[in-house]
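Visitor: Got a predicted structure here, sequence first:
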Amino acid sequence: QPVYLSDYQPPAYRVTHTELTFDLDPAATRVKARLLIERNDQADGKAPLVLEGEHLTLISLAIDGTPLTESEYRLDDHGLEIHAVPASFSLESEVEIAPSANTALEGLYQSSGMYCTQCEAEGFRRITFYPDRPDVMATFTVTVIGDAQREPVLLANGNPVERGELENGRHFVKWDDPHPKPCYLFALVAGNLHKVEDTFTTMSGRNVTLQIWVEKENLDKTEHAMASLKRSMTWDEQTYGREYDLDLFMIVAVNDFNMGAMENKGLNIFNSAAVLTHPDTATDAAFQNVEGIVAHEYFHNWSGNRVTCRDWFQLSLKEGFTVFRDQCFSADTNSAPVKRIEDVSFFRTAQFAEDAGPTAHPVRPDHYIEITNFYTLTIYEKGAEVVRMLCNLVGWDAFRRGADTYFERFDGQAVTIEDFVNCMAEASGEDLGQFMRWYSQAGTPEIDAYGEYDYAHSEYHLTLRQRTPATPGQTQKQPLHIPVRMGLVGTKSGQDLTLTLAGEKLGKDAVVHLRDDEQTFVFTDVAEAPVPSLLRDFSAPVKMHFPYSREDLAFLLTHDSDGFNRWDAGQRLAMLALDDLIAAHRNGVEKVMDTRVTDAFKTLLTGAGASADKAVLAEMLTLPSEAYIAEQQPIVDVDAIHAAREFVRQSLAFALRDEFMAVFEANRSDEPYAPTPEQIAKRSLKNVALGYLMAIEDDQAIAFCQEQVAAKHNMTDVRHALTLLVHSDRDDLSGPALKAFGEKWAHDPLVMDQWFTIQVTRPQPDVLERVEFLMQHPAFSLRNPNKVRALVGAFAQNRVNFHRLDGKGYALLADVVIELNRLNPEIAARLVTPLTRWQRFDEARQALMRHQLERIKQEPLSSNVYEVVAKALA
Ligand code: ARG
Ligand code: ZN
């Protein structure tokens with residue numbers, strides 16, 4: 001059943017042009033296709049024509065106008081094979097499909113009454129018989145016929161070229177997309193939609209019309225997405241010299257969507273959560289997320305659409321590169337250090353966990369059963385880290401030249417990761433041979449580092465030893481080329497010292513290249529004993545172990561010139577304290593707070609730290625999350641982790657109550673809301689302080705929370721304060737606030753998502769019952785992926801409650817997975833993830849989790865859920 005990268009064969013036939021006509025109907029949409037097909041020169045003249053097709057009712061099939069008889073083709077659940085075809089011909093087919101019955105949200109489906117599509121990766125085969133593979137690229141002409149009342153708006157890729165009225169109240173619009181594209185980039189939208197319009201003039205002076213299409217009640221939530229789109233267009237011109245290539249660029253918001261958004265040519269389709277914002281309904285984080293996703297999809301126009309992937313094993317070619325591009329855009333637009341801190345802390349929590357689990361895979365996998373299971377943190381985020389390393393290795397100028405070559409040489413083609421890396425090697429003259437292992441080797445590399453200062457010779461000896469733990473199917477690992485950016489911070493001067501290696505002066509901040517299993521770097525002319533600052537800016541996606549003392553870390557926290565590593569030193573310092581407390585909790589010993597952490601926080605709040613960038617400061621005052629702490633433990637003890645972290649929060653709040661209060665007061669503001677970096681920084685710092693004060697249920701803090709919830713000034717403050725109230729033990733306060741919020745926002749699905757999440761992430765033990773209760777709430781629906789994520793997905797992240805020792809949390813998740821497996825296999829397969837991490841827990845929980853996995857496995861499963869569950873139980 002698996003597909004293997006090594007089995008790749010170029011297609012025997014290509015489609016040069018695709019003509020489609022959709023006659024829309026919820027239960028019986030007719031799709032007529034006319035494909036102009038040519039045999040490839042290298043192909044065998046007797047090669048059959050293979051077309052994928054699923055959930056299609058075949059109405060008619062003809063070649064060059066002559067209907068085919070049943071003996072001329074073979075039809076099964078997966079598609080159609082026509083035994084003999086000419087070297088050049090047109091294939092005409094008609095099929096019937098049922099968009100209203102499509103709960104998988106792949107292919108053509110209905111969402112809140114409107115028609116929309118999702119074809120990546122293999123959804124187009126649910127629309128018509130077609131060679132559904134990215135290396136078949138055609139120009140498309142699409143006619144959409146709908147009801148003039150119900151579907152006044154009919155959209156597809158490219159430019160509208162014709163429209164008109166038909167009989168029976170029907171009308172049509174014909175669209176033409178002149179850029180050859182694989183069918184996964186096809187899109188169609190039809191419904192009662194309203195638009196906001198703007199224009200953009202490209203660097204060469206062409207005018208592009210920009211449209212965002214939404215349901216009427218959301219017209220006031222598009223401004224930020226539109227502004228983000230224009231900024232993205234400018235950024236790609238200035239940074240990569242890439243310009244938009246059609247006269248029209250459209251974004252559509254749909255409520256039911258499996259992922260964030262999709263880069264269909266000229267017609268991006270977005271999950272409404274990834275595009276709609278309003279100060280009253282969306283948090284700062286949501287505003288920033290929308291900006292990043294709008295940019296991401298827009299950037300795909302070059303990195304993905306103009307140059308696409310040869311096969312789905314190359315997925316990271318477009319996703320890793322495009323995530324890297326959107327990360328750089330967000331860093332340029334907002335606070336760069338904070339963007340990096342956010343991305344890395346998410347990465348180290350979630351991607352490291354993926355690498356350590358049964359579904360670990362390389363950035364370029366070599367086999368899969370179900371490709372939708374491979375839209376993962378490894379393909380996206382680790383892929384982006386690998387591109388970032390490439391960029392740093394060759395330097396921006398060479399990277400930009402390499403990107404230019406890549407876009408020019410492969411324009412209109414479907415290519416491989418080698419093609420991309422070769423452009424970078426060519427542009428820089430670097431040998432990237434060993435570097436390629438980053439694409440084929442799974443798992444998180446770990447570096448054990450040791451340093452020694454030799455007073456007599458003024459030398460610093462740094463030894464780096466790398467190892468990558470075995471992952472499923474890959475027991476032997478080879479050494480990787482790991483760029484370690486570093487500095488040596490003098491303990492006397494508090495300054496970065498000049499790095500001299502093998503007689504060469506490298507400056508105060510340099511990259512050492514670890515290529516072997518073990519290497520020792522001898523730095524000479526080191527005038528004072530240093531503390532090494534390693535892996536600056538997270539220069540490689542690895543775990544770096546160095547035996548820092550707490551004094552070293554406190555020193556780096558205030559003296560490291562690298563903002564990222566200053567933050568990281570704080571996290572490491574907190575981790576050492578947390579480790580002690582976790583051990584104390586397990587051993588039933590009294591917990592004692594490490595005063596070095598308290599002192600460090602005091603410095604941050606009052607001393608040198610208070611003058612730092614407020615957004616960075618807010619990050620530095622945030623303790624590692626329970627999920628991150630769990631990643632650091634050999635066996636996860638959820639209760640001990642929760643208790644230890646709460647103990648630290650409360651200790652800090654008791655010791656520094658006045659300091660937190662002062663920071664809170666100093667950063668309150670009543671200026672009108674804007675999602676600017678300055679305002680966001682102030683709000684996050686203020687809200688972090690409020691969070692500590694609520695850890696001790698400070699009376700004044702409670703009053704501030706109530707004030708913030710009632711002020712309705714912006715959703716960031718309202719949501720944060722409401723969360724703090726609901727997550728406190730003061731049910732007398734949280735109940736009424738929650739009720740009022742739920743009633744006020746009952747009409748807004750995106751706000752109700754937040755209302756669900758706030759409730760099911762509270763640490764109190766009544767949560768499981770609440771999840772069951774809320775699943776019956778009228779605003780909840782299993783068919784809406786956002787709702788499933790907001791309620792059930794969020795609950796599975798609630799560490800103490802999901803991992804209840806009676807196993808009821810696991811059972812609840814398994815019940816939902818089993819039901820969703822029938823409705824929406826892609827979402828079901830994602831939802832099961834927390835259960836697949838059973839190896840990380842104690843024996844009692846392991847047994848309970850495995851039991852639920854076995855239960856799921858007994859069901860008739862989709863290939864999506866099967867693949868994940870089988871790996872988890874292997
Ligand atoms: N290419 C899209 C993006 O990264 C995501 C596609 C989602 N595909 C899927 N099968 N869920 O923006
Ligand atoms: Zn993408």
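Guide: Noted; the coordinates are in hand. Ligands and ions are numbered 1, 2, ... in the order given.

Visitor: And for residue 827, nearest residue in space, chain neighbours not counted?
Guide: Spatial nearest neighbour of residue 827, excluding adjacent residues (C-beta to C-beta, 6 or more residues apart in numbering): residue 785 at 5.0 Å. Backbone N, C-alpha and C define where each C-beta goes, glycine included.

Visitor: my guess is the one you found contacts residue 824, does it?
Guide: Yes. Assessed by C-beta atoms under 8 Å, residue 785 is found in contact with residue 824 at 6.9 Å.

Visitor: any shared contact partners between the two?
Guide: Between them, residue 785 and residue 824 share these contacting residues under C-beta atoms under 8 Å, 6 or more residues apart in numbering: 105, 258.

Visitor: who in the stretch 501-650 of the chain is up against ligand 2?
Guide: Within the stretch 501-650 of the chain, no position is near ligand 2 by C-beta under 5 Å from the ion.

Visitor: quick one: low-confidence parts of the stretch 501-650 of the chain?
Guide: The model of the stretch 501-650 of the chain has pLDDT under 70 over residues 608-611.

Visitor: Look through it and state the residue closest to ligand 1.
Guide: Nearest residue of the stretch 501-650 of the chain to ligand 1: residue 541, at 19.1 Å (C-beta to the nearest ligand atom).

Visitor: In three-state terms, label that residue for me.
Guide: Per DSSP: H, G, I helix; E, B strand; the rest coil, the local secondary structure of residue 541 is coil.

Visitor: Helix or strand: which one has residue 359?
Guide: If you go by DSSP states H and E, residue 359 is not part of any helix or strand.

Visitor: Next, count neighbours for it.
Guide: 21 (other C-beta atoms under 10 Å).

Visitor: do residue 780 as well
Guide: When neighbours are defined as other C-beta under 10 Å, residue 780 has 17 of them.

Visitor: Thought residue 772 was touching it, still the case?
Guide: No. Taking contacts as C-beta under 8 Å, residue 780 lies outside contact range of residue 772: 11.0 Å.

Visitor: Name the nearest residue to the residue of the stretch 551-700 of the chain found nearest ligand 1, ignoring sequence neighbours.
Guide: Closest to ligand 1 within the stretch 551-700 of the chain is residue 675: 21.7 Å, counting by C-beta to the nearest ligand atom. Excluding the flanking residues, the one nearest residue 675 by C-beta to C-beta, 6+ apart is residue 287, at 3.9 Å.

Visitor: tell me the contacts of that neighbour?
Guide: By C-beta under 8 Å, 6+ apart, the contact list for residue 287 reads 224, 277, 675, 680.

Visitor: Reformat these as JSON lines; add distance to ligand 2 and secondary structure.
Guide: Formatted as JSON lines, those follow (distance: C-beta to the ion, whole Å; DSSP: H, G, I helix; E, B strand; the rest coil):
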{"residue": "224", "distance to ligand 2": "20", "secondary structure": "helix"}
{"residue": "277", "distance to ligand 2": "20", "secondary structure": "coil"}
{"residue": "675", "distance to ligand 2": "23", "secondary structure": "coil"}
{"residue": "680", "distance to ligand 2": "24", "secondary structure": "helix"}
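
Visitor: most neighbours, which of the residues you listed?
Guide: When neighbours are counted by other C-beta under 10 Å, residue 277 leads the contacts of residue 287 with 27 neighbours.

Visitor: Nice, that's everything, thank you.
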